[in-house]
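> sequence first, predicted model second:
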Amino acid sequence: MYEYTSSRSLFERALQSIPGGVNSPVRAFRSVGGTPVFIKKACGAYLYDVDDQRYLDYISSWGPMILGHAYPEVIEAIRERVLLSTSYGAPTELEIEMAELIKTMVPQLDLIRMVSSGTEACMSALRLARGYTGRNKFIKFEGCYHGHADSFLVKAGSGLATLQIQSVPGISAAVTNDILTCAYNDLAAVEQLVDLNKEQIAAIIVEPVAGNMGCILPQPGFLEGLRRICDRQNILLIFDEVMTGFRLAPGGAQEKLNIRADLVTFGKVIGGGMPVGAFGGRRQIMEHIAPLGKVYQAGTLSGNPIAMIAGLTTLKILRNQPSIYHELEEKTIYLRDNLHAIFLKTGLPLVINQFGSMISLHFSDHAVTDFASAASANNERFSKYFHAMLKRGVYLPPSAFESWFLNNALNREDLDQTLQMTRESLSEL
Ligand code: KE4
């Protein structure tokens with residue numbers, strides 16, 4: 001039985017200096033139990049831990065590594081650029097190239113501002129929506145996660161769902177008073193909130209395909225309904241595409257679902273594994289951002305040249321080879337259909353949600369369409385599945401409240417290996 005020896009001793013050491021031994025809670029394996037695996041290196045579809053144990057990677061750094069790890073062109077571009085120093089704190093041509101490239105890929109973006117994380121992107125977009133509309137309240141959906149800014153840590157998904165943190169100490173009532181929440185896919189509840197808060201709501205922020213309660217698809221008409229409500233009530237619709245942006249299509253969920261948001265936020269893939277986030281929209285809204293307007297937003301390392309070259313190289317590859325999206329979706333559907341077939345034979349209740357290259361397994365006998373239905377699945381069984389696969393060299397997200405993220409370095413052999421390891425894990429579920 002694989003003992004994760006070196007990871008165990010590193011984790012003990014990490015606990016002496018880092019809260020929970022990790023720099024982001026989802027990495028701590030708290031909900032699935034056991035010791036987090038410490039990674040030494042990665043290449044293509046594989047992660048290698050500090051004991052040189054190899055894993056097939058279905059996290060891809062929670063989305064960014066869509067091309068696979070250590071993609072040669074990305075590494076080469078970083079290697080070249082880093083010799084010119086790592087940061088200047090002054091504008092560069094790279095930032096213009098990045099903004100211009102994104103405008104060719106994503107619909108309806110006149111202006112886009114770079115930041116250093118998805119959290120910053122969502123936090124800034126909300127502030128901008130409030131500054132632009134002069135309203136304070138906003139609607140978010142239970143189980144959606146928009147980063148760890150105070151305003152978003154109410155009934156949030158991802159690590160908060162994983163750790164069962166429903167309210168976060170340190171967030172004042174002044175902040176929570178402006179947050180309205182309801183279930184994902186519940187359009188009637190949104191209508192009700194809007195009626196009860198007439199002309200007080202600045203924005204509705206939504207993950208157009210949710211990935212922080214597992215992968216949850218928008219029901220037909222849900223996003224179209226949000227668009228209609230926002231148009232009628234002069235509310236800004238913010239698509240949080242930190243996960244879906246550049247992952248579902250070059251133009252993200254807006255392109256794939258043919259729905260337009262007023263503001264869009266990005267992260268993950270946009271940086272190719274380096275710290276990058278961004279938010280953008282129509283000029284009439286974005287020109288309220290400082291220094292043009294008075295909605296202040298800033299960042300020492302925003303548009304950092306090394307992060308820009310990593311993101312730019314990644315996005316150029318995705319734009320020039322759109323077949324990557326088809327390949328990724330085909331691989332994900334292959335995995336979905338064969339996992340279904342394997343579990344069908346066992347009689348174990350299982351729901352698989354899949355959209356593009358996002359997929360999640362729920363040991364549930366009912367459809368998983370929102371946070372409540374994700375939370376009521378047999379997540380104990382998911383934890384057993386997680387560990388049974390980990391010790392067989394397949395690294396799944398360590399939480400039932402996360403989407404899996406395929407990278408395009410995974411080939412048919414890797415997928416078949418994943419299916420075979422699933423078959424061998426069944427006796428442990
Ligand atoms: P970051 O600040 O972690 O770059 O992005 C926050 C964020 C915003 N919006 C969406 C839709 C997101 O999924 C995220 C971050 N996702 C989690 C994984 N579910 C990041 C992993 C982590 O917290 O370590």
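Here it is on my side, so go on.

> spit out the contact partners of the residue nearest to P25 when sequence neighbours are not counted.
Among residues not flanking P25 along the chain, G159 sits closest, at 4.2 Å (C-beta to C-beta, 6 or more residues apart in numbering). The way it works is simple: take the backbone N, C-alpha and C, and place the C-beta from them, glycine included. In this structure, G159 makes contact with S24, P25, V26, Y145, I165, S399, judged by C-beta atoms under 8 Å, 6 or more residues apart in numbering.

> using the three-state scheme, assign the third one.
When you say that, I think you mean V26. helix (DSSP: H, G, I helix; E, B strand; the rest coil).

> okay, it: pLDDT?
For V26, the model assigns a pLDDT of 94.

> quick one: contacts for it?
V26 touches W62, S158, G159, T162, P397, P398, S399, E402, counting by C-beta under 8 Å, 6+ apart.

> separation between it and L315?
Using C-beta to C-beta, to the nearest Å, we find V26 at a distance of 25 Å from L315.

> show the pLDDT at the residue nearest to P25.
The model reports G159 with a pLDDT of 88.

> any idea which element R232 lies in?
In this structure, R232 sits in helix 222-233 according to DSSP states H and E.

> next SSE after that helix?
That would be, after helix 222-233 and using DSSP H and E, strand 236-240.

> what's next to that following strand, contact-wise?
118, 122, 125-126, 129, 132-133, 144, 146, 202-208, 226-227, 230, 252-254, 259, 261-265, 285.

> 7 Å instead?
Residues external to strand 236-240 that are found in contact with it (C-beta atoms under 7 Å, 6 or more residues apart in numbering): 122, 125, 129, 132-133, 146, 202-208, 226-227, 230, 253-254, 261-265.

> ok, residues contacting the following helix or strand past it?
For strand 236-240, the succeeding helix or strand toward the C-terminus, using DSSP H and E, is helix 252-257. Residues outside helix 252-257 that contact it (C-beta under 7 Å, 6+ apart): 106-107, 208-209, 223, 239, 241, 244-246, 248-249, 260-261, 264, 356.

> try stretch 340-349
With C-beta under 7 Å, 6+ apart as the criterion, stretch 340-349 contacts L350, I352, F363, S364, D365, L419, T422, R423, L426, L429.

> then the helix holding R232 to PDB, C-alphas only?
Only the C-alpha atoms of helix 222-233 are listed here, as PDB (Å, rounded to 0.1, in the frame of the first residue of the first chain):
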ATOM      1  CA  PHE A 222     -31.900  30.100 -16.700                       C
ATOM      2  CA  LEU A 223     -29.200  32.400 -18.100                       C
ATOM      3  CA  GLU A 224     -31.500  33.800 -20.700                       C
ATOM      4  CA  GLY A 225     -33.900  34.600 -17.900                       C
ATOM      5  CA  LEU A 226     -31.200  36.400 -15.900                       C
ATOM      6  CA  ARG A 227     -30.300  38.400 -19.100                       C
ATOM      7  CA  ARG A 228     -34.000  39.400 -19.400                       C
ATOM      8  CA  ILE A 229     -34.300  40.400 -15.800                       C
ATOM      9  CA  CYS A 230     -31.100  42.500 -15.900                       C
ATOM     10  CA  ASP A 231     -32.300  44.300 -19.100                       C
ATOM     11  CA  ARG A 232     -35.700  45.000 -17.600                       C
ATOM     12  CA  GLN A 233     -34.300  46.200 -14.200                       C
END
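
> quick check: residues of the stretch 151-300 of the chain near the ligand?
Proximity of the stretch 151-300 of the chain to the ligand, by C-beta under 6 Å from any ligand atom, involves residues S158, G159, E207, G211, N212, D240, V242, M243, G267, G277.

> may I have the phi/psi pair for the fifth one?
When you say that, I think you mean N212. Main-chain torsions, N212, degrees, to the nearest 10: phi -110, psi 20.

> contacts only, for M286.
By C-beta under 7 Å, 6+ apart, the contact list for M286 reads D110, L111, G280.

> out of these, who's nearest the ligand?
G280 (15.0 Å; C-beta to the nearest ligand atom).

> what helices or strands is the helix or strand that closest one falls within leaning on?
Per DSSP H and E, G280 falls inside strand 277-281. Judged by 3 or more C-beta pairs under 7 Å, 6 or more residues apart in numbering; DSSP states H and E, strand 277-281 is in contact with strand 111-115, helix 118-133, strand 263-266.

> which outside residues touch the shortest one?
Where contact means C-beta under 7 Å, 6+ apart, the residues beyond strand 263-266 that reach it are 106, 109, 118, 121-122, 125, 128-129, 236, 238-242, 245, 254, 277-281, 285.

> ok, now stretch 121-139?
Against stretch 121-139 from outside (C-beta under 7 Å, 6+ apart): 115, 146-147, 149, 151-152, 178-180, 190, 193, 197, 200-205, 234, 236, 238, 240, 242, 263, 265-267, 277-279, 285, 288-289, 294-295, 297.

> buried ones in that stretch?
Using 16 or more other C-beta atoms under 10 Å as the test for burial, stretch 121-139 gives 121-133, 135, 137-139.

> just stretch 137-155 next, same as before
Result for stretch 137-155 [16+ other C-beta under 10 Å]: buried residues 137-149, 151-155.

> check stretch 260-274 too.
Using 16+ other C-beta under 10 Å as the test for burial, stretch 260-274 gives 261-274.

> return the member of these nearest to the ligand.
Once C-beta to the nearest ligand atom is applied, the member of these that ends up nearest the ligand is G267, at 4.3 Å.

> that closest one contacts M274, correct?
No. G267 lies out of contact with M274 (C-beta atoms under 7 Å); the separation is 11.1 Å.

> what helix or strand does L361 sit in?
strand 358-362.

> low-scoring stretches of this protein, by residue?
The chain contains residues with pLDDT under 70 at 1.

> just to revisit the earlier point, max pairwise distance over the contacts of stretch 340-349: which two?
D365 and L419 (22.5 Å; C-beta to C-beta).

> more crowded one of those two?
Higher neighbour count among D365 and L419: L419, with 17 against 12, using other C-beta atoms under 10 Å.

> does the more buried one count as helix, strand or coil?
Put simply, L419 is helix when judged by three-state DSSP.

> quick check: phi and psi on the closest residue to it other than its chain neighbours?
Spatial nearest neighbour of L419, chain neighbours left out: N338 (5.0 Å); criterion: C-beta to C-beta, 6+ apart. Per-residue torsions, N338: phi -80, psi -30 (degrees, to the nearest 10).

> same deal with F355?
According to degrees, to the nearest 10, F355 has phi -150, psi 120.
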